[in-house]
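**Student:** next input, structure requested:
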Amino acid sequence: MELRDLVHISLTSLVRNKARSVLTMLGIVIGIASVILMLSVGKAAESFLLSQVASFGSDVIMIANGSGEVKSGAPNPMIKQVLTLKDYRELKRQPWVEAANANIVSMGVVSYGSENMNANVYGSTEGEIEVYESDVREGRFLMSDDVDGRAKVAVLGDKIARELFGDASPVGKQIKIKRQSFRVIGVMEKGGTRFFTKLDEIVYIPITAAMDLYNRDRFNFLAVTPRDMSPMQAKEEVRSLLRDVHDLDNPNGDLAKDDFRVLTQDDAQKNAGTIGQVLSILLGSIAAISLIVGGIGIMNIMYVTVTERTSEIGLRKALGAKQRDVLGQFLAEAIAVTSAGGVVGIVFGVVLSWLTIQILNSFQPGWSFMMSLDAIVLAFSVSAAIGIIFGFHPARRASKLSPIEALRYE
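**Tutor:** The predicted model follows:
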């Protein structure tokens, strides 16, 4: 039998049984769409993670609480808080430090008159805008005198200012955080996001005022930018200094003995890239289950089709059709169904991926729609392979039917 005849017979059979063909395709459509959606979201997540890490700046050295050695397994939720005002001041006075900053991070309700808004309250220092290269739109940022004097002053993110004051200038006005009054001294330029934090929803107050407000004497993290020194060299200088400040007996530089972690942008990017890749593999594996289920559905439908068309198979073989002709017909039907389902699934998956990214972007700005051509080719190839793999056994069973027994079948 020629290929065009095989294709014609297969398509005619599928059109004749429209409802069954559509239901058979449905499993493949869902499976392919799931694969494309998961791979697209995984790729977008990896890109988002890397973009958030990159927002810190290539020369910023981050210091966080916790062991300097990252061990496998679940993270310890009870990380000992060790970073203090002494650490910040020691770092700040080093000649190789261009700028230094310290942060206490908390959530709070910020109010002005009858207006209230949830915000990230950042205890910070004058080094915030130097380390992260931020800009003030109106007024001024925190100064060293504000930190030293534990001043009750605040700088508002763009969205906070607009939500609480509308078009009016907030500078000089009094806001309340935890029922304590803070005088607004500045408003930041729009900042987007940095490391999963919406900068426009931050209220900056002196870190010493935050220590008083939240009754804390430990910081969440420190950050420095080096002067005339590579990030890797600065990283080692920070470790050496903090080991002395913390009185750590660690002459060999064993990271496991440190009670702090020092990270550069390269370190964070490696971690983010690994997380993104693992996430893509995990999501892709979950979506693959849908494809397997769809393939099993095709096999079951093909078995039912073979049973229902036993008499037709017997008649064709009695008229001279060879075993390979029958095998080719049923295999072609399975491939046609899965290929058609693959095309529909690809279109549906791309549209669904775009919608999902838009939804994610509405909650956390910075997500971008990413679609890999490799993912589309892979999805279509897999759909065709499923037709061959799961359609072969039913087709082979049909081809081996005896013409006499098949004609007697009712």
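**Student:** now the helices for the stretch 101-250 of the chain?
**Tutor:** 128-131, 144-148, 158-165, 207-214, 231-245 (DSSP state H, counting those that start in this stretch).
**Student:** the stretch 251-400 of the chain now?
**Tutor:** 265-308, 310-318, 323-363, 373-399.
**Student:** rank these by pLDDT, which is bottom?
**Tutor:** Lowest mean pLDDT within the helices of the stretch 251-400 of the chain: helix 310-318, a mean of 65.
**Student:** averaged pLDDT, stretch 233-242. What do you get?
**Tutor:** Averaging pLDDT along stretch 233-242 gives 91.
**Student:** run through who's touching that stretch.
**Tutor:** 61, 63, 68, 87, 90-91, 94, 96, 224, 226, 229, 248, 253, 258, 260, 262, 264 (C-beta atoms under 8 Å, 6 or more residues apart in numbering). Every residue, glycine included, has its C-beta placed from N, CA and C.
**Student:** among those, which ones are buried?
**Tutor:** 61, 63, 68, 87, 90-91, 94, 224, 226, 229, 258, 260, 262, 264 (16 or more other C-beta atoms under 10 Å).
**Student:** report the lowest-confidence entry in these.
**Tutor:** Within the buried ones among the contacts of stretch 233-242, pLDDT is lowest for residue 68, at 64.
**Student:** what's the helix or strand for the residue positioned nearest the centre of the chain?
**Tutor:** With distances taken as C-alpha atoms, centre = their mean, residue 45 lies nearest the centre of the chain, 2.6 Å away. In this structure, residue 45 is located in helix 18-54 according to DSSP states H and E.
**Student:** show me what that helix is packed against.
**Tutor:** Under the contact criterion of 3 or more C-beta pairs under 8 Å, 6 or more residues apart in numbering; DSSP states H and E, helix 18-54 touches helix 265-308, helix 323-363, helix 373-399.
**Student:** burial check on residue 221, number of neighbours?
**Tutor:** By other C-beta atoms under 10 Å, the residues close to residue 221 number 17.
**Student:** so it touches residue 63, yeah?
**Tutor:** Yes - using C-beta atoms under 8 Å, residue 221 makes contact with residue 63 at a distance of 6.2 Å.
**Student:** report the set of residues contacting both of the two.
**Tutor:** What both residue 221 and residue 63 touch, as defined by C-beta under 8 Å, 6+ apart, is the set residue 83.
**Student:** quickly list the domain ranges of this structure.
**Tutor:** The chain is divided into the following domains under automatic domain parsing: 3-52+270-408, 61-263.
**Student:** in contact with residue 177, which residues?
**Tutor:** Listed by C-beta under 8 Å, 6+ apart, the contact partners of residue 177 are 108-110, 121, 154, 203, 205, 213.
**Student:** identify those among those residues that sit within strands.
**Tutor:** Cross-referencing the contacts of residue 177 against strands under DSSP state E gives 108-110, 121, 154, 203, 205.
**Student:** want to throw those into CSV with neighbour count and distance to residue 331?
**Tutor:** Formatted as CSV, the ones in strands among the contacts of residue 177 follow (neighbours: other C-beta atoms under 10 Å; distance: C-beta to C-beta, whole Å):
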residue, neighbour count, distance to residue 331
108, 18, 66
109, 13, 66
110, 24, 67
121, 24, 66
154, 27, 72
203, 24, 66
205, 27, 71
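**Student:** show me where the stretch 51-200 of the chain has its strands.
**Tutor:** Taking DSSP state E, counting those that start in this stretch as the criterion, the stretch 51-200 of the chain carries its strands at 61-65, 97-112, 115-124, 136-139, 153-156, 174-177, 180-188, 193-194, 197-198.
**Student:** just give me how far the longest one sits from the chain centre.
**Tutor:** Here the centre of mass of C-alpha atoms in strand 97-112, compared against the chain's by C-alpha atoms, centre = their mean, to the nearest Å, lies 25 Å away.
**Student:** the inter-axis angle of that strand versus helix 207-214?
**Tutor:** Inter-element angle recorded for strand 97-112 and helix 207-214: 40 degrees (by axes from the mean of the first three to the mean of the last three C-alpha atoms, to 10 degrees).
**Student:** which neighbouring elements make contact with strand 97-112?
**Tutor:** Where contact means 3+ C-beta pairs under 8 Å, 6+ apart, strand 97-112 is packed against helix 85-92, strand 115-124, helix 128-131, helix 158-165, strand 174-177, helix 207-214, strand 221-226.
**Student:** ditto for the first one
**Tutor:** With contacts defined as 3+ C-beta pairs under 8 Å, 6+ apart, strand 61-65 has these neighbours: strand 221-226, helix 231-245, strand 260-263.
**Student:** same thing with the fifth one?
**Tutor:** Applying 3+ C-beta pairs under 8 Å, 6+ apart, one finds that strand 153-156 contacts strand 174-177, strand 180-188, strand 202-206.
**Student:** so which of these comes closest to residue 347?
**Tutor:** Among the helices and strands packed on strand 153-156, strand 202-206 comes nearest to residue 347, with 41.4 Å by C-beta to C-beta.
**Student:** any idea of the angle that closest one forms with helix 207-214?
**Tutor:** If you take the same axes, to 10 degrees, strand 202-206 sits at 100 degrees to helix 207-214.
**Student:** ok now strand 202-206, how far from the chain's centre?
**Tutor:** 28 Å.
**Student:** that one: partners in the sheet, and parallel or antiparallel?
**Tutor:** strand 115-124 (parallel), strand 153-156 (antiparallel) (DSSP bridges).
**Student:** quick one on the thing from earlier: winner for burial among the helices and strands packed on strand 153-156?
**Tutor:** strand 202-206 (a mean of 26; mean count of other C-beta atoms under 10 Å).
**Student:** the residue nearest to the centre of the chain touches residue 279, doesn't it?
**Tutor:** Yes - the pair residue 45 and residue 279 passes the contact test of C-beta under 8 Å, sitting 5.5 Å apart.
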